[in-house]
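**Student:** Please find the sequence and the predicted model below.
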2 protein chains.
Amino acid sequence: MTAKLYDLELSGNCYKARLLCALLGVDLEIVPVDFLAGEHRQPPLSDLNPFAEIPVFVDGDIVLRDSQAILVYIARKWGGERWLPDDAAGLARVTEWLVTAANEIARGPNDARLHDKFGYDLDVALARKKAARILGLLEARLSAHHWLALGRPTVADIACMPYVALSAEGGVPLDDYPAIRAWIARIRELPGFIGMPGI
Amino acid sequence: MTAKLYDLELSGNCYKARLLCALLGVDLEIVPVDFLAGEHRQPPLSDLNPFAEIPVFVDGDIVLRDSQAILVYIARKWGGERWLPDDAAGLARVTEWLVTAANEIARGPNDARLHDKFGYDLDVALARKKAARILGLLEARLSAHHWLALGRPTVADIACMPYVALSAEGGVPLDDYPAIRAWIARIRELPGFIGMPGI
């Protein structure tokens, strides 16, 4: 049975799941969600995910929320150890960046884009300040390493890339971050890569 | 060689690592950090963690930042599968709550406490609103389940509990959340449990 993704094309979080499935050659049934009408905040979707957010991922009787958790599932089920290692140090290193995607990147470039592109009522100056901080940290990391967590691409890179690559849509261009741009280019060259609007 | 935790006693994030080590019977060398003097923002600590935050965890040549990633490491290295399962669905379910700890709980009850207890300049009304939302979601979850992610305690519970239990220190008491209070009581009864100031 094909796994199902409740999806919004313009969501970087939904794109993470689409991208990893494409890289792994995993079939995915895309179920478009009418986000502007608030479909994700009403049953049946709010029953699947009480957090009332998308993406929501359904594989048989497994229902998952949060894009990072969905990446973990897809990587472990269909990707073996290649995208998500099993050993303590490797798993922890990947987790560092999964959490960075859900915290610093979500509250930085993602929030700035939510304000500029979707009209969210939030402190966009604070979001841009947080964006500059995390982009600086990523630039430093990627100046010395090809990939965020390990010596190969992992779900850490898939979790962090989308809202970094979409950063200009929140008023934070990547001109001053050459190592970040080179990293995005490396991800784009992975066999099976797919884009989304803006990437 | 004993693993080392760069630690602040009043930090719920540092406490997560101390608690899991206590539950697993793992020896830990505690290195107190002079947080108020900004020791974490200067070398050598800022070299260990460019994010300039604590806890920082060092085990031989492994250096880790982020309390969730540190929990993953400790659980996998010393706890086998008991605290962090290996299968795709179990690992993803735990990850859902690790991310909740780093996002909704960090930006809700934790931020409110940082404002009230440590004088952080942030939007405390927004933090309390976010706290109420995530406490409501946790209450609903814990009304139907003894533990957050699986049918047993996992690092999901260890990651989410501290700042929820400290919520009153940010002006958000737990009186209206009986299922959350019962869950905290269950965690307190785990063999080896240790507290921290306020818990």
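**Tutor:** Yes, it's here.
**Student:** show me where chain A has helices.
**Tutor:** With DSSP state H as the criterion, chain A has helices at A:12-24, A:45-48, A:67-78, A:88-100, A:111-118, A:124-144, A:155-165, A:178-188.
**Student:** would you turn those into TSV with mean neighbour count?
**Tutor:** C-beta here means a position set from N, CA and C on the backbone, and glycine is covered the same way. Listed next are the helices of chain A as TSV, based on neighbours: other C-beta atoms under 10 Å in any protein chain shown:
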stretch	mean neighbour count
helix A:12-24	23
helix A:45-48	16
helix A:67-78	26
helix A:88-100	25
helix A:111-118	20
helix A:124-144	17
helix A:155-165	26
helix A:178-188	16
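**Student:** for these, which one sits closest to B:F51?
**Tutor:** helix A:124-144 (6.4 Å; C-beta to C-beta).
**Student:** name the helices or strands packed onto that closest one?
**Tutor:** Where contact means 3 or more C-beta pairs under 8 Å, 6 or more residues apart in numbering or on different chains; DSSP states H and E, helix A:124-144 is packed against helix A:111-118, helix A:155-165, helix A:178-188.
**Student:** will you turn those into JSON lines that also has mean pLDDT and distance to chain B?
**Tutor:** Putting the helices and strands packed on helix A:124-144 into JSON lines (pLDDT from 0 to 100; distance: least, C-beta to the nearest C-beta, whole Å) gives the following:
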{"stretch": "helix A:111-118", "mean pLDDT": "96", "distance to chain B": "11"}
{"stretch": "helix A:155-165", "mean pLDDT": "98", "distance to chain B": "10"}
{"stretch": "helix A:178-188", "mean pLDDT": "98", "distance to chain B": "14"}
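**Student:** Any idea which of the helices of chain A gets closest to B:H40?
**Tutor:** Of the helices of chain A, nearest to B:H40 by C-beta to C-beta is helix A:124-144, at 14.6 Å.
**Student:** Please save the CA atoms from that closest one in CSV.
**Tutor:** C-alpha atoms of helix A:124-144 as CSV (Å, rounded to 0.1, in the frame of the first residue of the first chain):
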residue,chain,number,x,y,z
VAL,A,124,9.3,39.8,11.4
ALA,A,125,12.3,41.8,12.6
LEU,A,126,13.0,39.2,15.3
ALA,A,127,12.6,36.4,12.7
ARG,A,128,15.1,38.1,10.4
LYS,A,129,17.5,38.6,13.2
LYS,A,130,17.2,34.9,14.1
ALA,A,131,17.6,34.1,10.4
ALA,A,132,20.9,36.0,10.2
ARG,A,133,22.2,34.2,13.3
ILE,A,134,21.4,30.6,12.1
LEU,A,135,22.6,31.4,8.5
GLY,A,136,25.9,32.5,10.0
LEU,A,137,26.2,29.3,12.0
LEU,A,138,25.3,27.2,8.9
GLU,A,139,27.8,29.1,6.8
ALA,A,140,30.6,28.4,9.2
ARG,A,141,29.7,24.7,9.4
LEU,A,142,29.4,24.3,5.7
SER,A,143,32.6,26.2,5.0
ALA,A,144,34.4,23.3,6.7
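**Student:** contact partners of that helix?
**Tutor:** A:100, A:104-105, A:107-109, A:111-112, A:115-116, A:148, A:160, A:164, A:167, A:170-172, A:174, A:177-180, A:182-183, B:50-51 (C-beta atoms under 8 Å, 6 or more residues apart in numbering or on different chains).
**Student:** And A:P32, how far from chain B?
**Tutor:** As defined by C-beta to the nearest C-beta, to the nearest Å, A:P32 lies at a distance of 23 Å from chain B.
**Student:** Show the pLDDT at that residue.
**Tutor:** Looking at A:P32, its pLDDT stands at 97.
**Student:** and what of the one 4 residues further on?
**Tutor:** Here, the pLDDT recorded for A:L36 equals 88.
**Student:** next one: A:D47
**Tutor:** 95.
**Student:** now it: how far from B:L135?
**Tutor:** Per C-beta to C-beta, to the nearest Å, A:D47 is found 20 Å from B:L135.
**Student:** Closest to the centroid, which residue in chain A?
**Tutor:** Residue closest to the mean C-alpha point of chain A, counted by C-alpha atoms, centre = their mean, is A:A159 at 3.7 Å.
**Student:** now for the helices of chain A, which one comes closest to A:G198?
**Tutor:** The minimum distance between A:G198 and the helices of chain A falls on helix A:155-165, with 7.5 Å, by C-beta to C-beta.
**Student:** and that closest one, what does it pack onto?
**Tutor:** Packing partners of helix A:155-165 (3+ C-beta pairs under 8 Å, 6+ apart): helix A:12-24, helix A:67-78, helix A:88-100, helix A:124-144, helix A:178-188.
**Student:** Export the last one to PDB, keeping only CA atoms.
**Tutor:** Written as PDB, here are the backbone C-alpha positions of helix A:178-188 (Å, rounded to 0.1, in the frame of the first residue of the first chain):
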ATOM      1  CA  PRO A 178      28.600  31.100  -0.500                       C
ATOM      2  CA  ALA A 179      29.100  27.900   1.500                       C
ATOM      3  CA  ILE A 180      25.300  27.600   2.000                       C
ATOM      4  CA  ARG A 181      24.700  28.100  -1.700                       C
ATOM      5  CA  ALA A 182      27.300  25.500  -2.600                       C
ATOM      6  CA  TRP A 183      25.600  23.000  -0.200                       C
ATOM      7  CA  ILE A 184      22.200  23.600  -1.800                       C
ATOM      8  CA  ALA A 185      23.800  23.000  -5.200                       C
ATOM      9  CA  ARG A 186      25.200  19.700  -3.900                       C
ATOM     10  CA  ILE A 187      21.800  18.700  -2.700                       C
ATOM     11  CA  ARG A 188      20.300  19.600  -6.100                       C
END
